Each structure stands twice: as C-alpha cells, then as structure tokens.
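# Coordinates for the following, if possible.
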Amino acid sequence: MALLAAQSPWAEDSDDWRFHVVIYAYLPSLDSETTFPSSGGGSSATVDASKILDNLNFVFMGSLGADKGSWGMFTDVIYLDIGDSESPSRDFSIGGGALPVGVDATIHYDLNGWLWTLAGSRRAASAPGYELNLIGGARMIDVDQTIDWQLSGNVGSIALADRAGDRTTGVNNWDAIVGLKGRAMFGEERRWFVPYYFDVGAGESSLTWQAMAGVGYAFGWGDVMLAWRHIDYDMKSGKTIESITFDGPGVAAAFRW
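Numbers count the residues shown, from 1 in each chain. Here you go, the predicted model:
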C-alpha cells in the first residue's frame with residue numbers, strides 16, 4: 001500500500017529522487033446498496049450485496065511512489081472481481097417491493113472494476129519519532145455490477161417478466177481528495193512503526209473517504225506492514241448504486257531504492 005509507504009525513517013533528507021514500489025494483498029468485504037434499472041419489460045431489482053457475497057474471485061493491487069526532498073507523489077491501483085450465489089434467498093426485491101410470502105430467489109451477483117488513487121504529498125512535520133505528510137489528488141472508481149435471478153414458489157402474483165432475469169449497472173466517478181498520511185516510529189532503532197492514512201473528497205460522488213492504519217517493521221531494503229483499510233462511497237441522488245464500501249485487512253511489502 002503506497003498510501004502507507006514512506007522513506008526510511010533513518011534516511012537523511014536528500015534532493016535525490018527516492019522511489020518505492022509496494023506489493024500487497026487486500027482482502028475486503030463489500031457492502032453495496034444497488035437498484036438495477038428495469039429492462040426488457042421487467043421491473044427494477046434491488047439487492048444488498050453484503051447479504052450475498054462471500055467470495056473474492058480475483059484481485060490485483062499495485063502501488064508506486066516517488067519522493068524528492070519534502071515533496072512526493074504516489075499512485076495506488078486495485079482491481080476487484082467479487083461474486084457469489086445464494087439460494088434460497090429473500091435478500092432481494094423486485095419492482096420496489098419485497099418478495100411475497102412463499103416466494104424465494106436463486107441469485108447470482110458479480111462486481112468487477114477498478115479503484116485508482118493518484119496524488120501528491122508535502123511533508124508537513126518530521127522528527128526522529130514521527131512523520132506527517134499532507135496530500136492532495138484524485139481517486140477514480142469504475143465498477144460494474146451484474147445480477148441474475150430465478151424466482152420459485154408461489155409466483156402467481158408476480159409478472160412473468162419478473163420471475164427470472166438479469167440486470168447490469170455501474171458507476172465511473174472521479175473525485176478530488178485531500179488528506180494526510182504518516183507514521184509514528186518506536187522500538188529499537190525505531191524500526192517498528194504505526195502507519196496511518198486518511199483522505200476525504202467529493203466530485204462526481206457525493207462523498208468519498210478512505211482510512212488505513214496498521215503496524216510495520218522497517219528493514220534496510222524496505223518495510224513489511226499489516227493494516228486495516230476502509231474505502232467508502234456515497235453516490236449522488238438518482239444513481240443506481242447508492243453506496244459502496246470496501247473494508248478489510250491487508251498485508252504489504254514495500255521496496256525502496
């Protein structure tokens with residue numbers, strides 16, 4: 001997580017460029033409120049993804065950063081492919097209403113897409129035991145969600161077009177962000193550290209924010225970190241995706257040169 005990566009705590013300030021690349025695994029849970037628009041004569045469909053999802057099918061993550069003196073820049077990319085099925089389920093509504101008594105659904109849900117953060121940083125404070133940087137930049141979210149379902153049971157009161165179907169919807173938003181990141185060092189030679197990161201922003205989204213904190217150990221070649229990461233989006237009124245949240249642990253190795 002380049003968002004938590006930093007220059008070696010015992011390195012001297014330099015006008016030379018310093019770079020870091022981060023290899024990490026992020027295993028988030030997903031919470032999303034989505035209303036899939038009507039299609040093919042059928043009604044709209046609404047689902048709470050957190051009640052269905054258990055599986056992270058595939059994820060790619062990469063980070064890169066550079067610093068020169070007190071200035072820096074970084075980028076962080078996440079690709080997610082999340083999906084699962086549930087049967088029987090009543091965590092689903094069609095046409096704006098809950099399923100009638102005696103009706104169940106077989107549901108398959110998928111989400112795939114990208115989260116991309118690009119920002120610059122300026123060191124605001126630095127001492128042997130801590131470092132604080134101010135950040136400013138942008139974050140993009142580009143995700144698609146797909147659902148297909150089959151109703152069973154006493155479906156006589158449900159329109160034929162709504163008894164089975166599939167829907168797709170998505171969002172592609174850019175938002176400006178500001179925030180801070182840093183670390184507090186402790187222990188022998190101050191190799192142990194607590195990294196932290198926070199940003200907040202808006203733009204095409206109503207509000208987005210991200211927070212991370214963890215614990216790490218610094219080596220001569222880089223850092224190893226364990227952290228918890230939360231990414232939150234509230235979309236503007238009228239969007240098919242009302243909100244989306246990623247929350248979970250991550251482990252990372254940062255390499256510096």
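
# going forward, measure contacts between C-alpha atoms and count neighbours the same way
OK.

# How far off centre is stretch 221-235?
Put simply, stretch 221-235 sits 9 Å off its chain's centre (Cα atoms, centre = their mean, to the nearest Å).

# which residues sit against it?
The contact list for stretch 221-235 (Cα atoms under 8 Å, 6 or more residues apart in numbering) reads 5, 8, 204-218, 241-257.

# buried ones in it?
222-235 (16 or more other Cα atoms under 10 Å).

# Out of these, name the ones that lie in strands.
Here DSSP state E is the test, and these give 222-234 as lying in strands.

# ok, back up a step: keep only those of the contacts of stretch 221-235 that are in strands.
Those of those lying in strands (DSSP E): 207-218, 241-256.

# Can you turn the buried part of these into a PyMOL selection?
Of the ones in strands among the contacts of stretch 221-235, the buried ones can be selected in PyMOL as follows, counting by 16+ other Cα under 10 Å:
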select buried, resi 207+208+209+210+211+212+213+214+215+216+217+218+241+242+243+244+245+246+247+249+250+251+252+253+254+255+256
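
# pLDDT score for residue 118?
pLDDT, residue 118: 97.

# ok, the one helix or strand residue 141 maps to: who's next to it in the sheet?
Using DSSP states H and E, residue 141 maps to strand 130-153. With DSSP bridges as the test, strand 130-153 is paired with strand 103-127 (antiparallel), strand 164-186 (antiparallel).

# and those strands as TSV, adding mean neighbour count and distance to residue 28?
Converted to TSV, the strands paired with strand 130-153 look like this (neighbours: other Cα atoms under 10 Å; distance: least, Cα to Cα, whole Å):
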stretch	mean neighbour count	distance to residue 28
strand 103-127	18	13
strand 164-186	19	19
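
# JSON lines for those strands, including distance to residue 136?
Formatted as JSON lines, the strands paired with strand 130-153 follow (distance: least, Cα to Cα, whole Å):
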{"stretch": "strand 103-127", "distance to residue 136": "5"}
{"stretch": "strand 164-186", "distance to residue 136": "4"}
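
# Indicate which one of those strands is closest to residue 35.
Of all these, strand 164-186 sits nearest to residue 35, with 8.4 Å by Cα to Cα.

# and residue 99, how many neighbours?
19 (other Cα atoms under 10 Å).

# again with residue 134
Residue 134 has 19 neighbours, counted by other Cα under 10 Å.

# For the residue lying closest to it once chain neighbours are set aside, list the residues it contacts.
Nearest residue to residue 134, sequence neighbours excluded (Cα to Cα, 6 or more residues apart in numbering): residue 180, at 4.5 Å. Neighbouring residues of residue 180 by Cα under 8 Å, 6+ apart: 132, 133, 134, 135, 197, 198, 199.

# Compare those residues and tell me which has the most neighbours.
Neighbour counts for those, by other Cα under 10 Å, peak at residue 135, which reaches 24 neighbours.

# could you give the angle of the helix or strand residue 66 falls within to strand 241-256?
Residue 66 is located in strand 56-68, with elements delineated by DSSP H and E. With axes from the mean of the first three to the mean of the last three Cα atoms, to 10 degrees defining the directions, strand 56-68 sits at 50 degrees from strand 241-256.

# Strand 56-68 pairs with which strands, and in what direction?
By DSSP bridges, strand 56-68 pairs with strand 17-26 (antiparallel), strand 71-89 (antiparallel).
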